[in-house]
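Participant: No sequence on hand, only this structure:
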């Protein structure tokens with residue numbers, strides 16, 4: 001799990017998604033690990049975005065729509081955060097684990 005500056009998080013997400021296999025992806029957590037956004041790579045250039053925090057939503061987007069949607073989600077879920085945690089996963093069942101709260 002890496003602690004990444006919010007200014008470079010979009011570049012890191014793009015890099016991780018390019019290397020991920022189908023059904024793999026990245027989970028973005030707040031510093032305290034109480035709010036998360038998961039991006040799951042699907043087939044045909046689609047991604048599923050799961051938001052858990054102030055709101056609990058799920059969207060299926062194209063990779064072109066992803067940056068704009070993430071920007072609005074980050075403003076809502078991580079309004080004052082400067083550092084975010086990135087967790088790479090290879091299977092969506094890994095997202096169901098319990099996060100240690102700080």
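Facilitator: That came in fine, so what should we check first? Just so you know, these numbers come straight off a predicted model, no measurement behind them.

Participant: Any buried residues in the lowest-mean-pLDDT helix or strand in the chain, and which?
Facilitator: Sorting the helices and strands of the chain by mean pLDDT, DSSP states H and E puts strand 2-5 at the bottom, at a mean of 90. Judged by neighbour count (16 or more other CB atoms under 10 Å), strand 2-5 contains these buried residues: residue 4. The way it works is simple: take the backbone N, C-alpha and C, and place the C-beta from them, glycine included.

Participant: what bridges to the residue nearest to residue 69 when sequence neighbours are not counted?
Facilitator: If the residues on either side of it in the chain are set aside, residue 69 comes closest to residue 61, at 5.8 Å by CB to CB, 6 or more residues apart in numbering. Under DSSP bridges, the beta-bridge partners of residue 61 are residue 47.

Participant: about what we covered before: and the least confident helix or strand of the chain, what other elements does it pack with?
Facilitator: For strand 2-5, the contact count by 3 or more CB pairs under 8 Å, 6 or more residues apart in numbering; DSSP states H and E identifies strand 83-89 as packing neighbours.

Participant: got a list of contacts for the strand it packs on?
Facilitator: Residues external to strand 83-89 that are found in contact with it (CB atoms under 8 Å, 6 or more residues apart in numbering): 1-6, 9, 12-13, 16, 20, 24-31, 33, 78, 95.

Participant: Would you state the secondary structure element containing residue 14?
Facilitator: Element membership of residue 14, judged by DSSP states H and E, is helix 9-19.

Participant: From the contact counts, what lies against that helix?
Facilitator: In this structure, helix 9-19 makes packing contacts with strand 25-29, strand 36-41, helix 66-77, strand 83-89, judged by 3+ CB pairs under 8 Å, 6+ apart.
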